[in-house]
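> Quick check, what structure comes out for this input:
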Amino acid sequence: MTALEDRTIHYIVHGPDGAIRQSGDCALSLLPHYAGIYGEGFKAIEVPADQYRRDIDAHCYVLDGVITSKSIVLDVTEYTVRADGFDTVRLALPAGTSVLHAGEIVAIEDNVFEFTTDVLGDHRFSFIARAGFHHFEVTIHAV
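Modelled structure (predicted):
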C-alpha cells in the first residue's frame with residue numbers, strides 16, 4: 001500500500017447494539033484492527049469527513065451499517081406531582097432504558113417509569129437510553 005492509499009481517515013468502532021464505543025483518526029491500513037480490540041460483534045468503519053465530529057458517540061449510533069442521528073425520548077423533561085404519596089408521574093420509555101438515581105442504576109423492565117412521593121421538593125432522575133436515543137434527565141417537582 002502506498003502512502004497515498006494509506007491516508008488518514010476518521011473512524012468509529014460500534015457494537016452489535018449500534019452504540020459507538022470509540023472514534024478518532026487512524027491510517028486506513030489500521031482500521032481492520034480496531035474492532036478486534038473490543039471483541040466479537042464489534043465493527044470499525046470509516047466516517048466521511050462531513051459526518052465526523054469529536055463527540056459523534058453522543059449524537060449518533062449505527063443502524064444497519066449507517067451512521068444515524070440519535071432521537072430524543074421526551075419533549076418534556078419537567079413534571080409536577082402532588083407530594084401526597086398517591087399522585088403519580090408515568091413515563092413511557094424505550095425498551096432498554098435504565099434510570100440512575102441515588103447512585104444506583106436500575107433497569108426499567110416494563111418500559112414505564114413511575115414516580116410517587118410524599119417528600120416535597122425537586123427530584124432529579126438521569127436516564128440511560130439504548131444506542132438510538134440521547135441520554136436524558138427528568139426533574140419532578142413535588143408540591
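> Could you verify my assumption that Arg7 touches Ala27?
Yes. With contact defined as CB atoms under 8 Å, Arg7 counts as touching Ala27 (7.5 Å). C-beta: built from backbone N, CA, C; applies to glycine.
> which residues in this structure form helices?
31-34, 56-59 (DSSP state H).
> now the last one: how far from the chain's centre is it?
Right, helix 56-59. 8 Å (CA atoms, centre = their mean, to the nearest Å).
> How about stretch 47-58?
15 Å.
> Give the buried residues for it.
Val47, Tyr52, Ile56, Asp57 (16 or more other CB atoms under 10 Å).
> And for stretch 95-110?
Thr97, Ser98, Val99, Ile108.
> got a list of what the closest residue to Gln51 other than its chain neighbours touches?
For Gln51, ignoring the flanking residues on the chain, the nearest one in space by CB to CB, 6 or more residues apart in numbering is Ile67 at 5.6 Å. By CB atoms under 8 Å, 6 or more residues apart in numbering, the residues touching Ile67 are Ile12, Ile45, Val47, Gln51, Ile56, Cys60, Tyr61.
> quick one, what contacts the nearest residue to Asp87 once chain neighbours are set aside?
Nearest residue to Asp87, sequence neighbours excluded (CB to CB, 6+ apart): Val81, at 4.8 Å. Val81 is in contact with Asp87, Thr88, Val89, Phe115, Thr116, Thr117, Ile140, His141, Ala142, Val143, counting by CB under 8 Å, 6+ apart.
> one step back: what's the farthest-apart pair in the buried residues of stretch 95-110?
Spanning the widest gap among the buried residues of stretch 95-110 are Thr97 and Val99, at 7.3 Å by CB to CB.
> What score does the residue nearest to Arg7 when sequence neighbours are not counted have for pLDDT?
Nearest residue to Arg7 in three dimensions, chain neighbours excluded: Leu28, at 5.7 Å (CB to CB, 6+ apart). What the model reports as pLDDT for Leu28 is 93.
> how close does the nearest residue to Arg53 once chain neighbours are set aside sit to Ile12?
Once flanking residues are discounted, Arg53 sits nearest to His59: 7.0 Å by CB to CB, 6+ apart. Taking CB to CB, to the nearest Å as the measure, His59 falls 12 Å from Ile12.
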